[in-house]
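Engineer: give me a 3D structure for the following:
(chains A and B)
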Amino acid sequence: MSTATLASSTRPRRRNRLLMQEYIAFYLFASPWLIGLVVFTIGPMIASFLLSFADYAVIVPPKWIGFQNYIEMFTDDKLVWQSLKVTLTYSLGAIPLTLIGSFLIAMLLNQGMKGVTIFRTIYYLPSVISGIPVAILWMWMLNPEFGLVNNILHGFGIKGPQWFFSTTWVIPSFILMSLWGIGVTMVIFLAGLQGIPAHLYEAAEIDGAGMWSKFLNVTLPMMSPIILFNVVIGVIDSFQIFTPAFVITTGGPANASLFYGLYLYNNAFKFFRMGYAASLAWLMFLIILIITGLVFRLTGSFIYYEGGIRK
Amino acid sequence: MATKELIAPVNPHQQNWTTAPWLKRKSTQQNIRLWLSTLIIVAGAFLMLLPLFWMLSASLKDEGDVFLIPIQWIPHPIVWQNYPDALTFQPFFHYFGNSVFVTVLCVIGSVFTASLVAFAFARLRAPGKDFLFIVLISTLMLPGEVTLVPVYLLFRNLNWLDSYLPLIVPSWFGGSAFYIFLLRQFFLTLPTELDDAAKIDGANLFTLYARILMPLAKPALASVAIFSFFGNWNNFQSALIYLNTMEKYTLPLGLRLYLSSFGQTHFNYLMAATVVSIIPPRSVTLSKGLC
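Structural biologist: Purely as a prediction, here's the structure:
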């Protein structure tokens, strides 16, 4: 912007030279990312695409096998479907529960309650810890014999389930664990709620709107882009779950917690089937794109953008 | 996870509309509702804190008391000795040091390079810039798994396996698209009159970036530093893939060693080590006043 005003007052040649300098400067300043883009993103993407048509065990050179990997994936390999099932089951449980739970807490906190900051901190606290410590902690929290959860259930006379050791309870265990990190989403929702201008509520009140109808006609529409954002991120995140599954269950029992990210890792770094892992990665990318596209398509008319959408 | 946190700090409507004083008059009904909400919130907060308290309490227990039923909430006796024991039971501080080394270099790299790129996107014109910005945004959608295998093979061919380079070097190429995006948004909020003034005073573009915009962008830079810190401090998968020698392990890998001998895990040591491992990310957020 600034150079434009400066430049227009000078002679055309000097202006051209200045513009040229600015072009060069842009590419110089952006060069770290541009180089990174080629070396760590585009290059690897091409390589990964080519690899997905190859058999490559690292030690011997890659062998071109055409669509063999994809054919195996769709017809022969039952674990692909198992891992997809695990990942989707988890998503269907974890994403709605996280969204509803964090939205509710944010709504409750956003009523001018005393000590909002303290509660916000407390709810956010577990999210600061992530990765290995969380996995370790929950592994023991849900230990069938000594774990805190079953101990408390025992206190109510309920015999707790086997959690991570049971094929039926292992996914609910991961969902429960993910709910501990609800604070991240809650903080986003809270910020969004605080951004809804009060005059909208006042106008609704004047029109005689009750609590429920204010929620339905003001809060939800105003929050819809943020909700959508969290749904999309939730889907992407659940396809990339690796650490907790790797540390706590290594996919067991009986592959009941074989998350897609874990199965991909196993193929690449345990079985050294690099080509197959690459094709799994592309399937994952495709599925994420389709689900995201569907989410956008299905919710399209329900999402309200304050600034409007340029069409 | 860190990606999600980004929306909060960039929210432009930080103003707290609902607590405007003229809205504060409350009827009895509202009071009851407020009390009920507080009750639910307090109960929820209690549930959120319970696991942390349990971990803390277990880390101070005698090994035999850890699995007592019913749960002994306040350890008796309190075994402070667990901490020094746990931290020497495995070379904890060695892993801790490794983690600090890797994380610090990653944070510096991502803050420095992301801000350079963000400056270019916010302040400079060039053909192809809009297209590149779309590319930048679309890389946010790309799951890391797609590039996982080729990037591994790349580092393998460079003979970088079992070194810290694969963990550090990517941070020096713009860090992450999210950091660039976040900083660009922040630079855009700074008035361009600053640029003009600096240029009239004879500043070149690098001076403008380094002396004018960077000091003003401190809050945004701090956010990026924190996100980068979290991401790299907790990075387990890359460390697992690239590090083989135990001396080179970072903390996430090291913590797992407390588990490895599954039958004889010293639970109190494990918890003590875990508690210490979460101190740095905790203090980073505290110091930022994030929460």
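Engineer: ok, for the residue in the stretch 1-150 of chain A positioned nearest to chain B, nearest residue in space, not its chain neighbours?
Structural biologist: Across the stretch 1-150 of chain A, the shortest distance to chain B (CB to the nearest CB) belongs to residue A:36, at 2.7 Å. (Glycine included, C-beta is placed from N, CA and C.) Spatially, and ignoring its direct neighbours in sequence, residue A:36 is nearest to residue B:173 (2.7 Å; CB to CB, 6 or more residues apart in numbering or on different chains).
Engineer: check contacts around that neighbour.
Structural biologist: A:32-33, A:35-36, A:39-40, B:113 (CB atoms under 8 Å, 6 or more residues apart in numbering or on different chains).
Engineer: buried among those? Need that as a selection in PyMOL.
Structural biologist: Command for PyMOL, covering only those of the contacts of residue B:173 found buried under the criterion 16 or more other CB atoms under 10 Å in any protein chain shown:
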select buried, (chain A and resi 32+33+36+40) or (chain B and resi 113)
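Engineer: in helices, which of the contacts of residue B:173 fall?
Structural biologist: Among the contacts of residue B:173, the members found in helices (DSSP state H) are A:32-33, A:35-36, B:113.
Engineer: remind me which residues of the chain are low pLDDT?
Structural biologist: Since no chain was named, I'll use chain A. Flagging of chain A using pLDDT under 70 yields the residue ranges A:1-11, A:306-311.
Engineer: if you could check chain B rather than the one you did, that'd help
Structural biologist: Counting by pLDDT under 70, chain B has low-confidence residues at B:1-26, B:260-264, B:287-291.
Engineer: and residue 46, what element?
Structural biologist: All of this refers to chain A. Assigned by DSSP states H and E, residue A:46 falls within helix A:43-51.
Engineer: let me rephrase: I mean chain B.
Structural biologist: Applying DSSP H and E as the criterion places residue B:46 in helix B:28-59.
Engineer: residue A:151 now?
Structural biologist: Per DSSP H and E: helix A:148-155 holds residue A:151.
Engineer: so what does that helix touch, helix or strand wise?
Structural biologist: Here helix A:148-155 touches helix A:132-141, helix B:28-59, going by 3 or more CB pairs under 8 Å, 6 or more residues apart in numbering or on different chains; DSSP states H and E.
Engineer: in the chain, which residue is most central in space?
Structural biologist: In the absence of a named chain, chain A is used. Taking CA atoms, centre = their mean, the centroid of chain A lies closest to residue A:237, which sits 2.7 Å from it.
Engineer: I was after chain B.
Structural biologist: In chain B, the residue lying closest to the centroid (CA atoms, centre = their mean) is residue B:230, at 1.9 Å.
Engineer: element containing it?
Structural biologist: Using DSSP H and E, residue B:230 maps to helix B:218-233.
Engineer: okay, that helix in CSV with CA atoms only?
Structural biologist: Listed next in CSV are the C-alpha coordinates belonging to helix B:218-233 (Å, rounded to 0.1, in the frame of the first residue of the first chain):
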residue,chain,number,x,y,z
LYS,B,218,5.1,-9.0,20.4
PRO,B,219,1.7,-10.4,21.6
ALA,B,220,1.2,-12.3,18.4
LEU,B,221,4.8,-13.5,18.4
ALA,B,222,4.3,-14.8,21.9
SER,B,223,1.3,-16.7,20.9
VAL,B,224,3.2,-18.3,18.0
ALA,B,225,6.1,-19.1,20.4
ILE,B,226,3.7,-20.8,22.8
PHE,B,227,2.0,-22.9,20.1
SER,B,228,5.4,-23.9,18.7
PHE,B,229,6.5,-24.7,22.2
PHE,B,230,3.6,-27.0,23.0
GLY,B,231,3.7,-28.7,19.6
ASN,B,232,7.4,-29.5,19.9
TRP,B,233,7.6,-30.3,23.6
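Engineer: for it, buried residues please.
Structural biologist: Neighbour-count burial for helix B:218-233, counted by 16+ other CB under 10 Å, picks out B:220-233.
Engineer: which parts of the helix holding residue A:46 are buried?
Structural biologist: So helix A:43-51, judged by 16+ other CB under 10 Å, has buried residues A:44-45, A:47-48, A:51.
Engineer: filter these down to the ones near chain B?
Structural biologist: Subset of these in contact with chain B: A:44-45, A:47-48, A:51, counting by CB under 8 Å from any CB of the partner chain.
Engineer: show me which of those residues is closest to residue A:246.
Structural biologist: Set against residue A:246, the nearest of these by CB to CB is residue A:48 (21.2 Å).
Engineer: for residue B:156, which non-adjacent residue is spatially closest?
Structural biologist: residue A:58 (7.6 Å).
Engineer: what ranges do the helices span in the stretch 101-250 of chain B?
Structural biologist: Secondary structure of the stretch 101-250 of chain B (DSSP state H, counting those that start in this stretch): helices at B:129-139, B:145-157, B:165-168, B:177-189, B:193-200, B:205-207, B:214-216, B:218-233, B:237-242.
Engineer: any chance of those helices in JSON lines, plus distance to residue A:126?
Structural biologist: Converted to JSON lines, these look like this (distance: least, CB to CB, whole Å):
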{"stretch": "helix B:129-139", "distance to residue A:126": "29"}
{"stretch": "helix B:145-157", "distance to residue A:126": "26"}
{"stretch": "helix B:165-168", "distance to residue A:126": "25"}
{"stretch": "helix B:177-189", "distance to residue A:126": "22"}
{"stretch": "helix B:193-200", "distance to residue A:126": "41"}
{"stretch": "helix B:205-207", "distance to residue A:126": "42"}
{"stretch": "helix B:214-216", "distance to residue A:126": "34"}
{"stretch": "helix B:218-233", "distance to residue A:126": "13"}
{"stretch": "helix B:237-242", "distance to residue A:126": "21"}
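Engineer: how about the next helix-or-strand element following the helix holding residue A:151 and chain B, touching?
Structural biologist: Once the chain leaves helix A:148-155, the next helix or strand it forms, by DSSP H and E, is helix A:170-179. No - Helix A:170-179 lies out of reach of chain B by CB under 8 Å from any CB, never closer than 9.5 Å.
Engineer: and the angle from the following helix or strand past helix A:170-179 to helix B:28-59?
Structural biologist: Next helix or strand after helix A:170-179 toward the C-terminus (DSSP H and E): helix A:183-194. With axes from the mean of the first three to the mean of the last three CA atoms, to 10 degrees applied, the angle from helix A:183-194 to helix B:28-59 works out at 160 degrees.
Engineer: so does the next helix-or-strand element following helix A:183-194 get close to chain B?
Structural biologist: Reading on from helix A:183-194 to the C-terminus, the next helix or strand found by DSSP H and E is helix A:198-206. Yes - Helix A:198-206 reaches chain B (CB under 8 Å from any CB) through residue A:198.
Engineer: any buried residues in helix A:198-206, and which?
Structural biologist: For helix A:198-206, the buried set under the neighbour-count rule, 16+ other CB under 10 Å, comprises A:200-201, A:204.
Engineer: between these, which is nearest chain B?
Structural biologist: Nearest to chain B among these: residue A:201, at 8.2 Å, using CB to the nearest CB.
Engineer: OK, now which residue of the stretch 51-200 of chain B is nearest to chain A?
Structural biologist: residue B:173 (2.7 Å).
Engineer: nearest to residue A:160, out of the helices of the stretch 101-250 of chain B?
Structural biologist: Closest approach to residue A:160 among these (CB to CB): helix B:237-242, 30.9 Å.
Engineer: show me where the stretch 201-311 of chain A has its helices.
Structural biologist: Under DSSP H, counting those that start in this stretch, the stretch 201-311 of chain A gives helices at A:211-214, A:220-239, A:243-244, A:260-265, A:274-299.
Engineer: now the nearest residue to residue B:237 once chain neighbours are set aside: how far from residue A:258?
Structural biologist: Distances taken as CB to CB, 6+ apart put residue A:242 closest to residue B:237, at 5.5 Å, once the chain neighbours are dropped. Distance of residue A:242 to residue A:258, computed by CB to CB, to the nearest Å: 11 Å.
Engineer: of these two, which one has the most company?
Structural biologist: Neighbours per residue (other CB atoms under 10 Å in any protein chain shown) separate residue A:242 from residue A:258, with residue A:258 holding more: 24 against 21.
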